[in-house]
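>>> Requesting a structural model of the entry that follows:
(one chain, ligands or ions: 2)
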Amino acid sequence: MNISLILAAVALVPQPAKLVETGGTTKNAEIRYVTDAAVPAEGYRLKVAADGITVTSSDAAGRYYAGVTLAQLKDGETWPCVEIEDAPAYRWRGAHLDECRHFFGKETVKQMLDLMAQHKLNRFHWHLTEDQGWRLDIPGYPELVKYGAVRSASVRHGQRATKGSKEDADKLNGVKYGPYFYTEADIREIVAYAAERHIVIVPEIELPGHVFAALAAYPEFACVPANMASREPRLVWGIEKDVLCLGNDKAIKFMEDVLDYVCRLFPGDVVHIGGDECPQVRWKDCPKCQARIKAEGLKDEHGLQPWITRHFVKFLEARGKRALGWDEYLLGDVPKSAIGMSWRTRRQGAGHALVSGAQAAVRGHDVVMTPNKFCYLDYGQCLPNDPFQYIGGKLPLEMCYSFDPCADVPAEARKHILGGQCNNWSEYTWNEYDLAWKMWPRTCALAEVFWLGDAKPGFADFKKRMATHRGRLIAQGINCAPLE
Ligand code: ACM
Ligand code: ZN
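Ligands and ions are numbered 1, 2, ... in the order given. Just a heads-up that it's a prediction; the model follows:
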């Protein structure tokens with residue numbers, strides 16, 4: 001008997017919650033499906049025996065995940081005989097993709113969805129708008145993709161540029177990038193593709209910051225329209241000071257039109273409205289924004305972001321969606337129905353023991369945990385001779401596996417932790433090979449964390465299974481990085 005075949009038979013990723021090998025193998029591919037309301041959502045029971053295979057679930061997702069497990073169990077023409085009882089620890093098991101700094105396109109997105117499904121990930125967070133690019137065609141706003149989806153240059157490979165200084169200008173490559181964007185037909189195709197794999201797409205439209213590409217298309221929506229004279233997205237990385245003018249009703253109507261369309265185009269229950277890294281300097285000096293502050297009885301420009309967040313949380317609720325946003329959008333008086341996406345690892349406030357996501361959960365917000373220290377796959381893998389460029393930081397495979405979405409969260413607030421997500425920012429990720437290398441195998445580790453929670457069996461056990469599982473990824477042509 002070939003040892004590698006035995007290994008392959010039991011190397012499941014993520015590991016099921018309960019797995020018993022009952023001995024022997026079977027070639028009997030007959031599958032009997034049973035519905036049992038007692039099986040938890042997305043969970044399944046799977047029995048592989050000499051007389052065939054039985055899949056029991058309460059929903060279609062559970063049935064689908066039993067199929068994913070069966071595909072990993074299959075070894076040539078045979079399956080090992082097993083009894084599995086399995087269900088996810090967390091209901092939000094996400095992966096994010098930034099298509100704005102670099103654009104990957106439909107085929108790469110579909111491949112990512114295939115791989116997500118193979119790891120029982122169920123939320124695709126699609127970062128579609130940014131300072132450096134607007135990637136979604138919006139009816140009634142043709143200038144968005146005409147100006148916002150193309151750059152005259154990008155930061156040269158191997159360089160770093162975030163400020164737009166004279167030195168940074170020397171680091172641009174002078175190569176036209178785009179136009180790259182998705183049409184309504186593209187989106188409908190990808191939404192359907194995701195749904196077949198039990199993945200819900202969570203579109204992200206950034207506001208009120210990270211909107212420079214939209215302002216390039218419609219300079220009148222900025223506090224200082226003259227700053228958009230070049231009529232193109234931001235060319236370097238980093239945080240842009242020109243943000244949406246919240247004193248301008250037409251700028252707010254523009255975002256409403258975009259989000260109204262997005263609500264109709266994407267059937268999922270959640271829409272991400274960004275909210276991170278929004279400088280307030282333009283608002284401070286803008287007569288329109290200052291007039292808004294006065295009219296709304298806000299204290300100063302710090303009140304503007306919570307004001308617009310409240311507006312769009314309600315706007316989305318009226319369309320049957322829940323709002324999701326990065327840590328910063330929960331600062332201030334924001335409805336508890338707003339979901340937080342926690343990316344900052346830093347502990348908040350002097351002597352305060354909780355990171356921002358944990359604080360939000362304590363205040364009663366549902367939270368998706370995606371702290372950069374554990375979940376940002378543009379951080380370095382610490383591999384010898386790694387050929388790819390990273391934004392910085394260190395995130396080796398074992399660190400991903402050590403992630404606990406409920407760490408720092410008091411027991412009584414843990415019910416608010418929906419789950420976790422890996423984030424694929426693309427300032428320094430140029431193409432699908434680069435992306436795959438950064439995603440895999442680290443996404444396997446995070447997928448196991450999100451599926452098993454505290455029941456994960458430990459890094460040594462994971463790594464042993466990964467030796468086989470990495471082969472499955474490589475066999476699909478995936479540029480999976482080594483395990484160390
Ligand atoms: C973020 O990384 N700015 C959400
Ligand atoms: Zn303004």
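>>> contacts and neighbour counts: CA atoms only from here.
Will do.
>>> For N372, which non-adjacent residue is closest in space?
Using CA to CA, 6 or more residues apart in numbering and skipping the chain neighbours, the partner closest in space to N372 is W343 (5.4 Å).
>>> what does this structure have sitting close to ligand 1?
Contact residues, the chain versus ligand 1 (CA under 6 Å from any ligand atom): D276, W326, W343.
>>> Repeat the analysis, applying 8 Å as the threshold.
Residues of the chain lying close to ligand 1 by CA under 8 Å from any ligand atom are G274, D276, E277, W326, D327, W343, R344, N372, W425.
>>> tell me which element the third one falls in.
When elements are assigned from DSSP states H and E, E277 belongs to no helix and no strand.
>>> and it, how many neighbours?
Using other CA atoms under 10 Å, E277 has 18 other residues around it.
>>> residue contacts, it?
With contacts defined as CA atoms under 8 Å, 6 or more residues apart in numbering, E277 is in contact with G209, H210, I239, E328.
>>> ranking those residues by neighbours, who comes first?
Among the contacts of E277, the one with the most neighbours (other CA under 10 Å) is H210, at 29 neighbours.
>>> Verify the contact between that one and C278 for me.
Yes - counting by CA atoms under 8 Å, H210 does reach C278; the two are 7.2 Å apart.
>>> any residues in contact with both of those two?
Common neighbours of H210 and C278 (CA under 8 Å, 6+ apart) are V243.
>>> on that earlier part again, tell me which of the contacts of E277 is nearest to R231?
Nearest to R231, judged by CA to CA, of the contacts of E277 is H210 at 15.6 Å.
>>> residues in contact with that closest one?
For H210, the contacting residues are T129, E130, D131, I239, E240, V243, E277, C278, by CA under 8 Å, 6+ apart.
>>> Quick check, pLDDT for it.
H210 is assigned a predicted lDDT (pLDDT) of 98.
>>> again, but for H127
Note for H127: predicted pLDDT of 99.
>>> First-to-last residue distance for stretch 371-386?
From its first residue to its last, stretch 371-386 covers 23 Å (CA to CA, to the nearest Å).
>>> List the buried residues of that stretch.
P371, N372, K373, F374, C375, Y376, L377, D378, Y379, G380, Q381 (16 or more other CA atoms under 10 Å).
>>> Export these to TSV and append columns for secondary structure, pLDDT and distance to ligand 2.
Converted to TSV, the buried residues of stretch 371-386 look like this (DSSP: H, G, I helix; E, B strand; the rest coil; pLDDT from 0 to 100; distance: CA to the ion, whole Å):
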residue	secondary structure	pLDDT	distance to ligand 2
P371	coil	94	31
N372	helix	94	31
K373	helix	92	34
F374	helix	96	36
C375	helix	97	34
Y376	strand	97	32
L377	coil	98	35
D378	coil	98	33
Y379	strand	98	35
G380	strand	98	38
Q381	coil	98	41
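>>> coming back round to it: how about the contacts of E277, which pair is most distant?
Taking CA to CA as the measure, those span a maximum distance of 14.3 Å, between I239 and E328.
>>> Quick one: residues contacting the residue in the stretch 51-200 of the chain that ligand 2 sits nearest to.
Residue nearest to ligand 2 within the stretch 51-200 of the chain: D131 (17.1 Å; CA to the ion). Residues near D131 by CA under 8 Å, 6+ apart: H210, V211, F212, A213, A214, P233, R234, E240.
>>> Tell me how far the second one lies from P233.
Noted for V211: a distance of 9 Å to P233, by CA to CA.
>>> and what of K250?
For K250, the distance to P233 equals 20 Å [CA to CA].
>>> ok, those two, which is more surrounded?
Per other CA under 10 Å, whichever of K250 and P233 has more neighbours is P233, with 26 against 13.
>>> close enough to count as contact, the more buried one and R135?
No - applying CA under 8 Å as the test, P233 and R135 come out as separate, 11.5 Å apart.
>>> Mutual contacts of these two, please.
Common neighbours of P233 and R135 (CA under 8 Å, 6+ apart) are G148, A149.
>>> Could you tell me how many residues sit around G364?
Applying other CA under 10 Å, we find 17 other residues in the vicinity of G364.
>>> which ones are touching it?
Per CA under 8 Å, 6+ apart, neighbours of G364: K336, A413, H416.
>>> can you check G62 too?
G62 neighbours (CA under 8 Å, 6+ apart): A41, E42, G43, Y44, A87.
>>> ok, the nearest residue to the residue of the stretch 51-200 of the chain closest to ligand 2 once chain neighbours are set aside to L397 distance?
Distances taken as CA to CA, 6+ apart place F212 nearest to D131, at 4.1 Å, with adjacent residues excluded. F212 sits 35 Å away from L397 when distances are taken as CA to CA.
>>> now swap in L12 and tell me
17 Å.
>>> and what of W283?
From W283 to L397 the distance is 42 Å (CA to CA).
>>> Tell me which helix or strand V109 sits in.
Assigned by DSSP H and E, V109 falls in helix 106-118.
>>> Quick one: name whatever helix or strand follows that helix.
Heading C-terminal from helix 106-118 (DSSP H and E), you reach strand 123-127.
>>> That next one pairs with which strands, and in what direction?
Strand 123-127 pairs in its sheet with strand 92-98 (parallel), strand 200-207 (parallel), by DSSP bridges.
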